[in-house]
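>>> Structural data only, the sequence is not supplied:
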């Protein structure tokens, strides 16, 4: 934080808070996706997918991931679930 302007110091503080919040969202996203992928059967995977879908959409809404990336991720998860028995 080399800048001495008040606005730059304030922005740096905001960036720290945002980074912490985004990291928490990214970790929650990865955890939710992992839960879907590691599901034993189709019913468990679908149940985990419903929860994961909410987390994915929230991450996209907050621009942690791109909305198209969120859509692609949901599509790929559903494709994986379709192959389960």
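Now that the structure is in, tell me what you want to look at. These figures come from a predicted structure and were not determined experimentally.

>>> contacting residues for the residue nearest the centre of the chain?
What sits nearest the mean C-alpha location of the chain, by C-alpha atoms, centre = their mean, is residue 29, with 3.2 Å. Residues in contact with residue 29 (C-beta atoms under 8 Å, 6 or more residues apart in numbering) are 55-56, 59, 64-65. Any C-beta I mention is one placed from the backbone N, CA and C, and that applies to glycine too.

>>> cutoff 10 Å now
Residue 29 makes contact with 52, 55-56, 58-60, 64-65, 70, 73, according to C-beta atoms under 10 Å, 6 or more residues apart in numbering.

>>> Among the residues you listed, which pair sits farthest apart?
Farthest apart among those by C-beta to C-beta are 52 and 64. That separation is 14.2 Å.

>>> between these two, which one's more packed in?
Ranked by neighbour count (other C-beta atoms under 10 Å), residue 52 and residue 64 place residue 52 first, with 23 against 19.

>>> Buried residues, the helix or strand the more buried one falls within. List them.
Per DSSP states H and E, residue 52 falls inside helix 42-61. Buried residues in helix 42-61, counted by 16 or more other C-beta atoms under 10 Å: 45, 48-49, 52-53, 55-56, 59-60.

>>> Brilliant, that's me finished.
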